[in-house]
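S.K.: sequence plus the predicted model coming up.
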Amino acid sequence: MKRFPQFAMADLDPDQATVARDVLAVSGLGLGGPYNVMLRSPRTARPLLEVVNHLRFEGTLPRRLVELTILVQARLWNAQVEWAAHEALALAAGISPATCATIRAGHKPADLAADEDAAVDLLIELDQRHSVSDAVFERARAQLTDAQIVDLVTLAGLYATTAMVLATGDEPAPDGSRPFPTLQR
């Protein structure tokens, strides 16, 4: 049984319905996954979704770095829904199947482009150390603009937030699958 029963449009109050219409304009998940949970607090969901959509569709990062960031965060947080929703988008954006498979297995790919490698190192170091060393920062700065670094970290943080929402709601992948096994920490 779901922790948060699945919403349908008919179940929503006017504030929730406004956010839901915005979600349906960009989501392949419909109102499932994180949206099912987030709609319980539409005044919180709206600005979060606006920033996520800005970073995904209008931010400074190329689409492949956007989707790579989301996959890395999905794997770091064991977010099955994030992975299921974004793996095909990452492939369409130019991330190789081998790179996706390596990340899904919980490893850092060895064959990344220079900007991808710098971004992944920064994301992993933030996750593991909750800080960024000068060496990792300088590698990122050599590959990305300052605005891209800010957008990368902000996007990663928002997808970590989404992963927390998913974990709290215990939301399954859309088809109930587990794209990767839960890692033990």
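M.R.: Structure's in. What do you need? All values derive from a computational prediction rather than experimental measurement. Residues are numbered from 1 along each chain as shown.
S.K.: how about the longest helix seen in the chain: buried residues?
M.R.: Using DSSP state H to define each element, the chain has its longest helix at helix 146-169. Of all the residues in helix 146-169, those buried under the rule 16 or more other C-beta atoms under 10 Å are 148-149, 151-156, 158-163, 165-166, 169. For the C-beta atoms, the positions are set from N, CA and C on the backbone; glycine is no exception.
S.K.: so which elements touch it?
M.R.: helix 34-38, helix 42-57, helix 63-76, helix 80-92, helix 114-129, helix 134-143 (3 or more C-beta pairs under 8 Å, 6 or more residues apart in numbering; DSSP states H and E).
S.K.: what's it in contact with?
M.R.: With C-beta atoms under 8 Å, 6 or more residues apart in numbering as the test, helix 146-169 has contacts from 2-4, 33-34, 36-38, 48, 51-52, 55-56, 59-61, 65-66, 69-70, 72-74, 76-82, 119, 122-123, 126, 140-141, 144.
S.K.: from those, keep the buried residues only.
M.R.: The neighbour-count test (16+ other C-beta under 10 Å) applied to the contacts of helix 146-169 identifies 33-34, 36-38, 48, 52, 55-56, 59-61, 65-66, 69-70, 72-74, 76-82, 119, 122-123, 126, 140, 144 as buried.
S.K.: which residue lies farthest from the center of the protein?
M.R.: Ala10 (27.9 Å; C-alpha atoms, centre = their mean).
S.K.: distance of it from Ala25?
M.R.: Per C-beta to C-beta, to the nearest Å, Ala10 is found 19 Å from Ala25.
S.K.: ramachandran coordinates for Ser133?
M.R.: phi -70, psi 160 (degrees, to the nearest 10).
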